[in-house]
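Chemist: Please work out how this folds:
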Amino acid sequence: MDLTLQGLHFDMGDALKTYIEERIETINEKYFGRAVNVSVTMSKETKSLFKTHIAMTVGKEIHVSATASEHDVHQSFDSAADKIAKQLRRYKRKLRDHHEQMEQAELMRVPEYTIGLNINDDQVDHLTDEEIESQDDPVIIAEMTTNIQTMSVSDAVMRLNLSGNNAMLFRNSKNGELNMVYIRQDGNIGWVDPKEAKSVQSDAA
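Modeler: Numbering: from 1, shown residues only. The predicted structure is shown next:
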C-alpha cells in the first residue's frame, strides 16, 4: 500500500504521521486488505479548525473518500477515518464477492473537461447586461482522460457512495447504454437510463 501524507499550513509531526499510518493500515486489513494507494491531506483552516481529506483506491477504479473538520487535529483525522471505515464495512461483502468481476470490467476511455466560469455571482451586480452576455460562455480550463466502466446499477450506486462524488457516469451492463447515478437533494440516489426513456417514448406514441 502506498500512503501519502500531506499537511497544509502546519507541521504534522512524526507522532501524528505514525498514528495515521497505523490507523489506515488497520482499516485496510480489517475491511478490505487490497488498498493500492491512500492519500491523507490535512489542512489548518483557522487557528483552531483542522480539515482532513482521505482518498483511498481499493481496486480497479474503486475509490473511497471522506472529509471531516474538527477543532482538534487528531479528532479531525479520526472523524474522516471513521467515515472511510463505515463505508468499507457497509460494502465489505460486495467488494469481496465481486472483486474479480470488477477487476475485469470493460473500460471506455473518454475525454473529460474542466469548465471555468468567466464571471461569478459577486461580479454580476457590477456588470451591464451586455458585459454579462459577452462573458457568459463557459471556458474549458483543463482537459484529461477518464474511464467509464461497465457495471450493474447496484455497483454504480456502491461506487458513487464510496467515492463521495455527487454523480457518476457508467455503462449499464444490462443494456449497454450510458447511464448516470447522482445524489438527489433529498439524499436519495437518482438514476438516469436513456434506454428506459426511449421505451417510454415508444409506448406513448
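
Chemist: how about the strands of the protein, start to end?
Modeler: For the chain, the strands defined by DSSP state E cover 2-8, 37-46, 49-59, 62-70, 107-116, 139-151, 167-172, 178-183, 189-192.

Chemist: Going by mean pLDDT, which of the ones you listed comes out lowest?
Modeler: For the strands of the chain, mean pLDDT drops lowest on strand 107-116, to a mean of 68.

Chemist: export the strands of the chain to TSV and tack on distance to Ile84?
Modeler: C-beta coordinates here come from the backbone N, C-alpha and C atoms, glycine included. Output for the strands of the chain, formatted as TSV (distance: least, Cβ to Cβ, whole Å):
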stretch	distance to Ile84
strand 2-8	13
strand 37-46	9
strand 49-59	5
strand 62-70	5
strand 107-116	25
strand 139-151	21
strand 167-172	18
strand 178-183	18
strand 189-192	20
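
Chemist: between the ones you listed, which one is nearest to Arg89?
Modeler: Arg89 sits nearest to strand 62-70 of all the strands of the chain, at 11.4 Å, using Cβ to Cβ.

Chemist: Point out the other helices and strands that the closest one packs with.
Modeler: Here strand 62-70 is seen to pack against strand 49-59, helix 73-90, helix 153-163 when contacts are counted using 3 or more Cβ pairs under 8 Å, 6 or more residues apart in numbering; DSSP states H and E.

Chemist: Just the angle for it relative to strand 49-59, thanks.
Modeler: Note on geometry: by axes from the mean of the first three to the mean of the last three Cα atoms, to 10 degrees, strand 62-70 and strand 49-59 are set 170 degrees apart in direction.

Chemist: partners of strand 62-70, with directions?
Modeler: Strand 62-70 has these partner strands in its sheet, going by DSSP bridges: strand 49-59 (antiparallel).

Chemist: So which bits of the partner strand are buried?
Modeler: Within strand 49-59, the residues scored as buried using 16 or more other Cβ atoms under 10 Å are Phe50, Lys51, Thr52, His53, Ile54, Ala55, Met56, Thr57, Val58, Gly59.

Chemist: The third one and Pro194, how far apart?
Modeler: In other words, Thr52. For Thr52, the distance to Pro194 equals 38 Å [Cβ to Cβ, to the nearest Å].
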